[in-house]
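> sequence plus the predicted model coming up.
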Amino acid sequence: MLADSAAAQRIIELREQVYLANMALQTHNLVTFTWGNVSGIDRELGLVAIKPSGVEYAKLSPANMVILNLAGKVIEGDLKPSSDTSTHLVLYRSYEDIGGVVHTHSPFACAWAQAGLSIPALGTTHADYFYGDIPCTRALTEAEVATNYELNTGLVIEETLGSTEPLSMPGIVVKEHGPFTWGTSPDNAVHNAVVLEEVAKMALHTKQLNPQVTSLNQALLDKHYLRKHGKDAYYGQED
Ligand SMILES: O=C(CO)[C@@H](O)[C@H](O)COP(=O)(O)O
């Protein structure tokens, strides 16, 4: 159990980390207006920091990040937490290895989401970060939208991932909505959001050039993903 002063310092650090990650969405051109949101978690404290809802990025600060517990109770903050908060919380409750979550409306990822298509692993850029095609969820039912849209969005992400290890597939596109990514930290989740948008763009253009193109074979997917993440038995050895 952390002393109060140590806990207070940890919350300050979490606020700063999440604020900087939200600002990075703009730096990387992943958001327009107030779209998108980033959160981060301090697992020892059991607290999440997230962007306040509807606040312009220029008006964000570490101080106005909203602090909640995993049940969604606001612990610190006067502003309403992001409208996507329940989705973020489902992911934190379901996957203990993730430390940050991002949601954007980045255009190429949204194109695949709106088309209801998984983003195929067509090249090694994709394979370096995502261990296979980036899945697209099913559409939420009218009942799921009407009852608790954001919570059900998180549940449909969990349903789609199934037994997939979340850090091997650190992103998804929610049908008719857009991308969610995650990672070991807010900064890592933003990195994955940038890569997801890039590979979504590459895949769309590749399919335009050659509609018959198919996903990478398993050997090349393994070589790139496993080597990049240090899991390849031959990691660092000459081929
Ligand atoms: O998915 C959506 C809207 O469809 C959100 O990303 C909003 O675009 C941002 O909401 P807040 O985080 O400001 O509540």
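Perfect, thanks for sending it. Remember, it's a predicted structure, so these values are computed and weren't measured experimentally.

> for stretch 206-214, C-alpha coordinates in CSV please.
In CSV, the C-alpha atoms belonging to stretch 206-214 read as follows (Å, rounded to 0.1, in the frame of the first residue of the first chain):
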residue,chain,number,x,y,z
THR,A,206,-2.3,-1.9,-52.1
LYS,A,207,-5.8,-3.3,-52.6
GLN,A,208,-6.5,-0.5,-55.1
LEU,A,209,-3.4,-1.5,-57.1
ASN,A,210,-4.0,-5.2,-56.9
PRO,A,211,-7.4,-6.4,-55.5
GLN,A,212,-6.2,-10.0,-55.7
VAL,A,213,-3.3,-9.5,-53.2
THR,A,214,-3.5,-11.7,-50.1
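
> burial count for the closest residue to residue 155 other than its chain neighbours?
Spatial nearest neighbour of residue 155, chain neighbours left out: residue 90 (6.1 Å); criterion: Cβ to Cβ, 6 or more residues apart in numbering. Any C-beta I mention is one placed from the backbone N, CA and C, and that applies to glycine too. For residue 90, the neighbour count with other Cβ atoms under 10 Å is 21.

> near residue 117, how many other residues are there?
Other residues within reach of residue 117, judged by other Cβ under 10 Å, total 18.

> report the distance from the helix or strand of the chain with the lowest mean pLDDT to the chain centre.
Least confident helix or strand, the chain: helix 218-228 with a mean of 93, by mean pLDDT, DSSP states H and E. The chain centre lies 22 Å from the centre of helix 218-228; the measure is Cα atoms, centre = their mean, to the nearest Å.

> quick one: list the elements packing against that helix.
Helix 218-228 makes packing contacts with helix 124-127 when contacts are defined by 3 or more Cβ pairs under 8 Å, 6 or more residues apart in numbering; DSSP states H and E.

> tell me the buried residues in the helix it packs on?
126, 127 (16 or more other Cβ atoms under 10 Å).

> what helix or strand is the residue positioned nearest the centre of the chain on?
Closest residue to the average C-alpha location of the chain: residue 181 at 1.5 Å, with Cα atoms, centre = their mean. Per DSSP states H and E: residue 181 is located in strand 178-183.
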